[in-house]
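> 3D model of this:
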Amino acid sequence: MIFNWDNPYPTTRTPLFARNVVATSHPLAAQAGNQILISGGNAVDAAIAAAATLTIVEPVSNGLGSDAFAMIWDGQQLHGLNASGTAPSHWQPAWFARRYGLDARGHARRPERGWDSVTIPGAVAAWGALHARFGKLPFSRLMESAIDIAERGVTLAPMVARKWQAAVPLLREQPGFARTFMPEGRAPAVGEKFVLSDAARTLRILADQGARAFYEGEIAEAIAGFAAKSDVPLSAADFARYQPEWVTPISRRYRGYDVHELPPNGQGIAALIALGILEHFDLASHPCDSVTSQHLQIEAMKLAFADLYQYVADPRSMDITPEQMLDDGYLAERAKLIDPRRASLPQPGMPASGGTVYLTTADESGMMVSFIQSNYMGFGSGVVVPEYGISLQNRGAGFSSDPRSANVVAPGKRPFHTIIPGFLTKDGLPQMSFGVMGGDMQPQGHVQTLVRMLDYQQQPQAACDAPRWKVNRDFTLDLETRFDAGVTEQLRARGHQFKSVNDPYMDFGSGQFIWKLSADSSHGYVAASDSRRDGQAVGF
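Got it, this is the predicted structure:
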């Protein structure tokens, strides 16, 4: 790939060139990973250290009670890890119906926040599984930066402080939230120091005993005991049963490259569907930021989401397989549904029978890691376990209560998940580790940045900085405020319906990208970090 190294978009960032790279959404986490690389650790070690640090410096988006997914190029092949949480043993629609009643459709109501939105957290298990299989330095060494910052305190960065303040009115009454995240009775301000000494205690236990200590022993018992005080039967046995799952990534060919995503229960397949549809259009014949190029991408994404929301769940519950959804003939037929001049309201097809942080690391040996962890909505459930600083995710909100849905809630089941790491290969060799965080924006961010790089040869930082659109679940459209006004009006003329949202933290995502410059690693990498967050790419 020969990139155009010019950047036509307003930005404060330039691409980073180095042989060892860490790119995250917070500078201190990037530096934590970089220090591990300098100390002789590999890309997996660096990813774990950065991930642990992110739970302290960016607690709105993730915490010790988050979930995680990863893809790892080990120098020979690509591996996938699904560390999304499973439903507690008491979760049945009937249990929620007794506790919360029924909605207008006769389905059990389930809360978006609080204890009854918490599945068993998987992030710490992901750290342990990655380290056991690929780690080089002692696990305790990887916790040092996070422990130090948690004990000494972190000065709040602008975007973190902004989202923290927005979450307080929603979560201040949740168990443990105010005690931990409102130390002065309010959200900390930009430039104010925040100390998370309770989380340091948990991190020290993990450093001494390993990641499994989160799921067996005093930590699991403390979480279960705190749940019991709210009359929630979340048990230590639920934690002891939890294990992350090694999975085989799924892929789709696009413009001579193979794009890899993790299989369901995540939404990465939506990016592959959209790219498979776009393969039937000559995007490069239209200017990159033209209305026709953007319209075609939006329509492909809408078709992908129609199938995603209909079929994707825990793979053990799906009637339609990923292979069916990615079938060449099926995607060709879906592509025919796109009117180049008019917006659509798509329906799911019928395939033939048969608050998040993202980080990426790469080292000079060729190992590359694509890693994402999240508590879902800002601060997740809002529940924080006292004395341990564990803020718990609310991934259970991703389940359905409809008994006809493949995603209906059930014990031990994984919910539909939004967080997705991405990876790109060419001719069987690694090319790029990447991800774009931000709820439903994630597969859309994958598609938009890949199209810019592979169809239009935009360099990673430019592809990252370019204005974005977002397809909402009702198929309306959001555009960043810096989107070209002329193109906006042309999209409106083609029938696209708009919402007015200005929230760059979540609604338009934030990406990190590491592109390999030569097959033998001798030229190192070029990295980009999204200016929509406080982070950076660092390396040596």
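> next, the contact list for the residue lying closest to Trp5 once chain neighbours are set aside, please.
Residue nearest to Trp5 in three dimensions, not counting chain neighbours: Gln459, with 5.2 Å by Cβ to Cβ, 6 or more residues apart in numbering. For glycine as for every other residue, the C-beta is placed from the backbone atoms N, C-alpha and C. Contacts for Gln459 (Cβ atoms under 8 Å, 6 or more residues apart in numbering) come out as 3-7, 15, 453, 526, 528.
> cool, and Cys464?
Going by Cβ under 8 Å, 6+ apart, Cys464 touches 13, 449, 511, 513, 528-531.
> quick one, which of those residues are buried?
Burial of those was assessed by neighbour count (16 or more other Cβ atoms under 10 Å); the buried members are 13, 449, 511, 513, 528-531.
> neighbours of Val247, how many?
Here the number of neighbours of Val247 (other Cβ atoms under 10 Å) works out to 17.
> now the closest residue to it other than its chain neighbours: which helix or strand?
Nearest-residue entry for Val247: Gly80, 4.3 Å, with adjacent residues in sequence omitted and distances by Cβ to Cβ, 6+ apart. When elements are defined using DSSP states H and E, Gly80 is found to belong to strand 78-83.
> who does that strand pair up with?
strand 67-73 (antiparallel), strand 245-247 (antiparallel) (DSSP bridges).
> any weak-confidence spans in the stretch 301-450 of the chain?
Counting by pLDDT under 70, the stretch 301-450 of the chain contains low-confidence residues at 352-354.
> quick one, strands of it?
For the stretch 301-450 of the chain, applying DSSP state E, counting those that start in this stretch gives strands covering 356-362, 368-374, 384-385, 390-391, 422-426, 429-437.
> which of these is buried the deepest?
For the strands of the stretch 301-450 of the chain, the largest average neighbour count (mean count of other Cβ atoms under 10 Å) is found in strand 356-362, namely a mean of 33.
> output the longest helix belonging to the chain.
Secondary structure assigned by DSSP state H gives helix 291-311 as the longest helix of the chain.
> quick one: the residue nearest to Trp5 from Ser285, how far?
Shown here: Gln459 relative to Ser285, a distance of 21 Å by Cβ to Cβ, to the nearest Å.
> rewinding a little: take the buried ones among the contacts of Cys464 and keep only those in strands.
By the criterion of DSSP state E, membership of the buried ones among the contacts of Cys464 in strands covers 511, 513, 528-529.
> need the contact list for Arg186.
Residues in contact with Arg186, defined by Cβ under 8 Å, 6+ apart, are Val168.
> contact partners of stretch 491-510?
25, 159, 162-163, 291, 294-295, 298, 341-344, 355, 358, 436-439, 441-442, 444-445, 468, 470, 472, 475-481, 488, 530, 532-533, 535.
> actually stretch 93-106, not the one I wrote
By Cβ under 8 Å, 6+ apart, the list of residues contacting stretch 93-106 from outside reads 107-111, 116, 401-403, 408-409.
> let's see 6 Å
Contacting residues not belonging to stretch 93-106 are listed as 108-110, 401 [Cβ atoms under 6 Å, 6 or more residues apart in numbering].
> show me the two of those that sit farthest apart.
Across the contacts of stretch 93-106, no pair lies farther apart than Arg109 and Ser401, at 7.4 Å, counting by Cβ to Cβ.
> looking at the two, which is more packed in?
Ser401 (20 against 13).
> distance of the nearest residue to Val409 once chain neighbours are set aside relative to Ala306?
With sequence-adjacent residues excluded and distances taken as Cβ to Cβ, 6+ apart, Val409 is closest to Phe399, at 3.9 Å. Using Cβ to Cβ, one obtains 20 Å as the distance from Phe399 to Ala306.
> higher neighbour count, those two?
The residue with the greater number of neighbours, taking Phe399 and Ala306 and applying other Cβ under 10 Å, is Phe399; the counts read 26 against 21.
> ok, the residue sitting nearest the centre point of the chain - contacts?
Most central in the chain under Cα atoms, centre = their mean is Ile419, positioned 3.1 Å from the mean C-alpha point. For Ile419, the set of contacting residues under the criterion of Cβ under 6 Å, 6+ apart consists of 69, 356, 372, 374.
> next, the contact list for the third one, please.
Taking Cβ under 6 Å, 6+ apart, we find Ile372 in contact with 69, 358, 419, 421, 435.
> wait, which of those residues is closest to Ser381?
So of those, ranked by how close each gets to Ser381 (Cβ to Cβ), first place is Ile419, at 15.8 Å.
> Val232 versus the closest one, what's the distance?
In this view, Ile419 and Val232 are 24 Å apart by Cβ to Cβ.
> before we move on, what about Arg255?
Between Arg255 and Val232 the computed distance is 49 Å (Cβ to Cβ).
> swap in His79?
For His79, the distance to Val232 under the criterion Cβ to Cβ works out to 35 Å.
> out of the buried ones among the contacts of Cys464, which is nearest to Val190?
When the buried ones among the contacts of Cys464 are compared for distance to Val190 (Cβ to Cβ), Ser531 wins out at 16.9 Å.
> got the phi and psi for the residue lying closest to that closest one once chain neighbours are set aside?
Sequence neighbours aside, Arg13 is the residue nearest to Ser531 in space, at 5.2 Å (criterion: Cβ to Cβ, 6+ apart). The main-chain torsion angles of Arg13 are listed as degrees, to the nearest 10 and equal phi -110, psi 150.
> hang on, isn't Arg13 packed against Arg533?
No - assessed by Cβ atoms under 6 Å, Arg13 is found out of contact with Arg533, at 10.8 Å.
> stretch 434-442: end-to-end distance?
The separation between the terminal residues of stretch 434-442, taken as Cα to Cα, to the nearest Å, is 11 Å.
> and stretch 81-101, by the same measure?
The straight-line separation of the ends of stretch 81-101 (Cα to Cα) is 36 Å.
> now that stretch, how far from the chain's geometric center?
In terms of Cα atoms, centre = their mean, to the nearest Å, the gap separating the centre of stretch 81-101 from the centre of its chain is 22 Å.
> check contacts around Ser521.
364, 366.
> name the element Gly486 belongs to?
Under the criterion of DSSP H and E, Gly486 resides in helix 485-493.
> using PDB, list the CA coordinates for that helix.
Extracted in PDB, the C-alpha atoms of helix 485-493 (Å, rounded to 0.1, in the frame of the first residue of the first chain):
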ATOM      1  CA  ALA A 485     -22.600  21.000   4.800                       C
ATOM      2  CA  GLY A 486     -23.000  20.500   1.100                       C
ATOM      3  CA  VAL A 487     -22.800  16.700   1.400                       C
ATOM      4  CA  THR A 488     -25.100  16.800   4.300                       C
ATOM      5  CA  GLU A 489     -27.800  18.500   2.300                       C
ATOM      6  CA  GLN A 490     -27.200  16.100  -0.600                       C
ATOM      7  CA  LEU A 491     -27.700  13.100   1.700                       C
ATOM      8  CA  ARG A 492     -30.900  14.800   3.000                       C
ATOM      9  CA  ALA A 493     -32.100  15.100  -0.600                       C
END
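> I appreciate the help and will end here.
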